[in-house]
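Asker: sequence first, then the predicted structure, then my questions.
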There are 2 protein chains.
Amino acid sequence: MAREETGRIRRPAAARREQILAVAADAFAIAGFRGTSLAEVAQKVGVSQPGLLHHFSSKEALIIAVLQQRDLQDEQYVEAQFAGTETTTREWLMAFCRRNETQPDLVRLFTVQAAESLDPAHPAHDFFYQRNQRVRNRIAQLIEADQAKGRLLSSLDPAAAAAELVSLMNGLQLQWLRDPAIDMCGLFEASLLRLENHPNTVTPLVEPPQAEA
Amino acid sequence: MAREETGRIRRPAAARREQILAVAADAFAIAGFRGTSLAEVAQKVGVSQPGLLHHFSSKEALIIAVLQQRDLQDEQYVEAQFAGTETTTREWLMAFCRRNETQPDLVRLFTVQAAESLDPAHPAHDFFYQRNQRVRNRIAQLIEADQAKGRLLSSLDPAAAAAELVSLMNGLQLQWLRDPAIDMCGLFEASLLRLENHPNTVTPLVEPPQAEA
DNA sequence: GTCTATAAAATGATAGAC
DNA sequence: GTCTATCATTTTATAGAC
């Protein structure tokens, strides 16, 4: 009814941008940056391809915007949980893991882009390098705090342990995306507990059948 | 001298195939399957694009051939080291890790393709699913043998530990490719030792400066 | 803010000669 | 075994109207 003769639907720029970001995130998560065309994204948004480029000046600008937005949302969500409160390394990491478990699409976006962007010519190359450093530093920080409180052995090298935990998390995500029966968070927690010197902990590989929701 | 008038260079089919596989492996490792064009590969080989397609009927056939060849070579190399001999989980995995450390291009090929192939529409989707199952089973097997010999706690779930170790290895590879200063094998071995109930082991994050070769 | 039209380049694949 | 020629698509991006 509110349409104009040609069937065009105008939207506030901000809303349209959000919509494009959501659709693009999905597409990039599945086929990667290079395997996704602007026309495909535009069609799913319900807009012409030049219409899309009105909001993001290029394909590169789009992928960067997608990654930055999702990254920010995610970090804020978890950090907000512990605002002011003191946290352990395990609690903090498990909060991320559990959140990830509810958002396979987001995990897939970052897993695929992280690998694709190893190419220095990839538009998100620097983004991922810096993000990785940031995350590793944050975890090393948490580990040091745990050590100061006697919750982790002080013989542990914080930077090394942080690199290992990030690696494990990334690798588990890949496994889980390939085979969702994998109990990503269970395996991760088991490993964290072992790091806390509880070597006898065991977890099943596959999640137990869920009770009815 | 042995050229024909047009500058064409004929080669035995087998040799040309090998050459193409090598060049293609490199290209797919850097830009992925979707980011690599046949023309690009052909040019680096020194052949026309239809000339390339004479040896591999399609782009899909090429990526599959590349992955299968590299996978086979690699598995054989490591398995040959332990032919007949008895091995521990740690020794076997470390042999892989050390070999990988000498072949960043190969590691990159598999890391990038593993992520890209999460898409069910990717030609190597099934290849990676099956490869992953095979590797996890093999490791679980080694863990069981270690448990039988008392080298690993029998409270450990072999399948779960195998999934965790594969994940850690994959994740460390990604970290290492992004930042070669990471001591991939050192971190991996530290984790394996912890699994063997030596919680006090420490490794530096960065490799010590190398003595002159 | 969105469209149509279109440019300009690249891509995977085929036909047919040598 | 390799090439030239060529096709049908697809892709990113721009120009300009509404």
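Answerer: That came in fine, so what should we check first? Residues are numbered from 1 along each chain as shown, chains lettered A, B, ... in the order given.

Asker: distance of A:Arg138 from DNA strand C?
Answerer: 36 Å (CB to the nearest atom of the strand, to the nearest Å). (Each C-beta comes from the backbone N, C-alpha and C, glycine too.)

Asker: how about the residues of chain A that lie near DNA strand C?
Answerer: A:6, A:8-13, A:16, A:46-51, A:54-55 (CB under 7 Å from any atom of the strand).

Asker: most widely separated two among the residues you listed?
Answerer: Spatial extent of the residues of chain A next to DNA strand C (CB to CB) is set by the pair A:Pro12 and A:Gln49 at 20.5 Å.

Asker: which residues touch stretch A:89-103?
Answerer: Contacts with stretch A:89-103, where a contact means CB atoms under 8 Å, 6 or more residues apart in numbering or on different chains, come from A:74, A:77-78, A:81-82, A:106-107, A:139, A:142-143, A:145-146, A:152, A:165, A:169, A:173, A:184-185, A:188-189, A:192-193, A:196.

Asker: now, which of the residues you listed lie within helices?
Answerer: The members of the contacts of stretch A:89-103 that map onto helices under DSSP state H are A:74, A:77-78, A:81, A:106-107, A:139, A:142-143, A:145-146, A:165, A:169, A:173, A:184-185, A:188-189, A:192-193.

Asker: related to what we said a few turns ago, show the buried residues in the contacts of stretch A:89-103.
Answerer: A:74, A:78, A:106-107, A:139, A:142-143, A:145-146, A:152, A:165, A:169, A:173, A:184-185, A:188-189, A:192, A:196 (16 or more other CB atoms under 10 Å in any protein chain shown).

Asker: kindly export stretch A:183-195 (C-alpha atoms) in PDB.
Answerer: The C-alpha coordinates for stretch A:183-195 follow below in PDB (Å, rounded to 0.1, in the frame of the first residue of the first chain):
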ATOM      1  CA  ASP A 183      30.300 -31.800  22.900                       C
ATOM      2  CA  MET A 184      32.300 -28.700  22.300                       C
ATOM      3  CA  CYS A 185      31.900 -27.100  25.700                       C
ATOM      4  CA  GLY A 186      32.200 -30.300  27.600                       C
ATOM      5  CA  LEU A 187      35.500 -31.100  26.000                       C
ATOM      6  CA  PHE A 188      36.700 -27.600  26.500                       C
ATOM      7  CA  GLU A 189      35.800 -27.600  30.200                       C
ATOM      8  CA  ALA A 190      37.500 -30.900  30.700                       C
ATOM      9  CA  SER A 191      40.700 -29.500  29.300                       C
ATOM     10  CA  LEU A 192      40.400 -26.400  31.500                       C
ATOM     11  CA  LEU A 193      39.900 -28.500  34.600                       C
ATOM     12  CA  ARG A 194      43.000 -30.500  33.700                       C
ATOM     13  CA  LEU A 195      44.900 -27.300  33.500                       C
END
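
Asker: hang on, A:Phe96 in a helix?
Answerer: Yes: assessed with DSSP: H, G, I helix; E, B strand; the rest coil, A:Phe96 lies in a helix.

Asker: tell me how many other residues surround it.
Answerer: A:Phe96: 18 surrounding residues under other CB atoms under 10 Å in any protein chain shown.

Asker: is chain B within reach of the helix or strand hosting A:Ile30?
Answerer: Applying DSSP states H and E as the criterion places A:Ile30 in helix A:13-31. Yes: interface with chain B: helix A:13-31 contributes A:30-31 (CB under 8 Å from any CB of the partner chain).

Asker: ok and the next helix or strand after that helix relative to helix A:13-31, angle-wise?
Answerer: Once helix A:13-31 ends, the next helix or strand along the chain (criterion: DSSP H and E) is helix A:38-45. Counting by axes from the mean of the first three to the mean of the last three CA atoms, to 10 degrees, helix A:38-45 lies at 120 degrees to helix A:13-31.

Asker: just the buried residues of helix A:38-45, please?
Answerer: A:38, A:41-42, A:45.

Asker: who's in contact with A:Val47?
Answerer: A:16, A:20.

Asker: how far away is it from DNA strand D?
Answerer: From A:Val47 to DNA strand D the distance is 12 Å (CB to the nearest atom of the strand).

Asker: three-state assignment of that residue?
Answerer: coil.

Asker: got a pLDDT number for it?
Answerer: If you check A:Val47, the pLDDT there is 97.
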